[in-house]
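Asks: Sharing a model that was predicted from the sequence below.
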Amino acid sequence: MRFTVLLNAALVSLSAASPLSGSAATLGLASWNLEGYAKDNPIGPTTGGEGGETVYVSNAQDLLEAVKGDEPRIVYVKGEISLPERLRIGRNKSVLGVGWNAHIKQNGITINGVDNIIVRNLKISKMVDADGIGINNSTRVWIDHNELYSEFSEEVGPDTYDGQIDISRASDWITISWNYLHDHWKSSLVGNSDSLRDVDFGTLHITYHHNYWRNCGTRGPAGRFGHQHIYNNLYEDFHFQAIHSRSDNQVLVEGNVFKGDTPIALDTYGLVIPKDSPNTCVCGDEEIDGFANLGAKNDWGGAIVNITQEGDFTKADYKFKLTPLSLVKPLVWLGVGVGKVWV
Ligand SMILES: *[C@@H]1O[C@H](CO)[C@@H](O)[C@H](O)[C@H]1NC(C)=O
Ligand SMILES: *[C@@H]1O[C@H](CO)[C@@H](O)[C@H](O)[C@H]1NC(C)=O
Ligand SMILES: *[C@@H]1O[C@H](CO)[C@@H](O)[C@H](O)[C@H]1NC(C)=O
Ligand SMILES: *[C@@H]1O[C@H](CO)[C@@H](O)[C@H](O)[C@H]1NC(C)=O
């Protein structure tokens, strides 16, 4: 596996500074196979299109067609594809980019009312007024080794593009791993609106691990009503508010690294800041607070940690490989985004 090679290379280059060496140690450093809620949950591991036919697509029409239906199918995406409409993925599908340059443009991905979906190794960029990946009313989803970006600046503002990975409407058992999420305002919203509180409450179990957030504004992620286990992510220049747990949401936060211009690492105070959106008031929107618990040590990098209440989500109820804190930055740098795994 190519990623094993990469990790070994990482180890060799790290070995001057660290006592770790050899692939036995490598195996203990991080998992690049499925891990977290999309694997360990009451309905079984996410398998996507495993066991189904394999198809290669390189244009929009073929791609839109290939992801339809319930039968398991593995869809390999080649090159750049501008979609005339959103890509609505059916049940039991793997959608996998080939090589370094599989790239979805113009319209993003919709995962709605389905189960058992894998999306890996794709670039997804600049979805004007829409989500890169939108997940509603769906279970067992693995979003891995993708790169999502648009633009981040005051002129662009929070509302030009919508979320990168937004998850709502009782979606459950999801893992978001090894993605490179950069140059974007509102990254990942979990739980959409107060009107969906009863629908969402107690669902939205999501694992975020080994993602690299760089030059983003808010929602890394922002969670409401659910449970998110957030470990071994690297945050660099996350300009307003990285992890936000509000409206009774619970987060378990461990082994993450925060760097650069990142003023707020973690906040459970319910105020939705004006730089987030939508806001009905220039002073921000008031929600009730969320909960946060801390597990393994984080490197906050001087950022604010504002935990107004601790919850009962103190431990993940599955096995996972926790990367030692000092190796999070180099491993995440090397491991995230496209072209890192042969899929
Ligand atoms: C597709 O997924 C559904 C729900 O996840 C499952 O019940 C069904 O057996 C799968 N279909 C096939 C043909 O395997
Ligand atoms: C959610 O998806 C299921 C199919 O899995 C569908 O039967 C149901 O109507 C959907 N619910 C909503 C609220 O959209
Ligand atoms: C998911 O549901 C939310 C809440 O209704 C909605 O705002 C969003 O557009 C939906 N996303 C998709 C991809 O359908
Ligand atoms: C932290 O929470 C307190 C409420 O307990 C609030 O007054 C304060 O503004 C919060 N700070 C940030 C940075 O959100």
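Replies: Yep, that arrived. Ligands and ions are numbered 1, 2, ... in the order given.

Asks: Which strand or helix spans residue 331?
Replies: helix 325-335 (DSSP states H and E).

Asks: looking just at contacts, which helices and strands does that helix meet?
Replies: helix 2-14, strand 234-238, strand 257-259 (3 or more C-beta pairs under 8 Å, 6 or more residues apart in numbering; DSSP states H and E). The way it works is simple: take the backbone N, C-alpha and C, and place the C-beta from them, glycine included.

Asks: Can you give the distance of that helix from its chain's centre?
Replies: 16 Å (C-alpha atoms, centre = their mean, to the nearest Å).

Asks: Strands along the stretch 1-150 of the chain, start to end?
Replies: With DSSP state E, counting those that start in this stretch, the ranges of strands along the stretch 1-150 of the chain come out as 53-57, 73-77, 80-82, 87-88, 93-97, 103-105, 109-112, 115-120, 123-125, 133-136, 139-144, 147-149.

Asks: hang on, residue 197 in a strand?
Replies: No - applying DSSP: H, G, I helix; E, B strand; the rest coil, one finds residue 197 to be helix, outside a strand.

Asks: where does the nearest residue in space to it that is not next to it in sequence fall, phi/psi-wise?
Replies: Excluding its sequence neighbours, the residue lying closest to residue 197 (C-beta to C-beta, 6 or more residues apart in numbering) is residue 225, at 6.0 Å. Main-chain dihedrals, residue 225, degrees, to the nearest 10: phi 70, psi -10.

Asks: Which residues are in contact with residue 225?
Replies: Residue 225 is in contact with 191, 196, 197, 200, 201, 202, 203, 204, 247, 248, 249, counting by C-beta atoms under 8 Å, 6 or more residues apart in numbering.

Asks: Over to residue 163?
Replies: So residue 163 contacts 131, 132, 134, 186, 187, 188, 189, 219 (C-beta under 8 Å, 6+ apart).

Asks: ok, residue 257 - how many residues close by?
Replies: Counted by other C-beta atoms under 10 Å, the residues lying close to residue 257 total 23.

Asks: mind checking how far it is from residue 215?
Replies: Distance, residue 257 to residue 215, by C-beta to C-beta, to the nearest Å: 16 Å.

Asks: repeat for residue 327
Replies: The gap separating residue 327 from residue 215 is 23 Å, by C-beta to C-beta.

Asks: How confident is the prediction for residue 8, by pLDDT?
Replies: The model reports residue 8 with a pLDDT of 49.

Asks: contacting residues around the nearest residue to residue 50 once chain neighbours are set aside?
Replies: In space, and not counting its chain neighbours, residue 50 is closest to residue 72: 6.3 Å by C-beta to C-beta, 6+ apart. Residues counted as contacts of residue 72 (C-beta under 8 Å, 6+ apart) are 47, 48, 49, 50, 51, 52, 92, 93.
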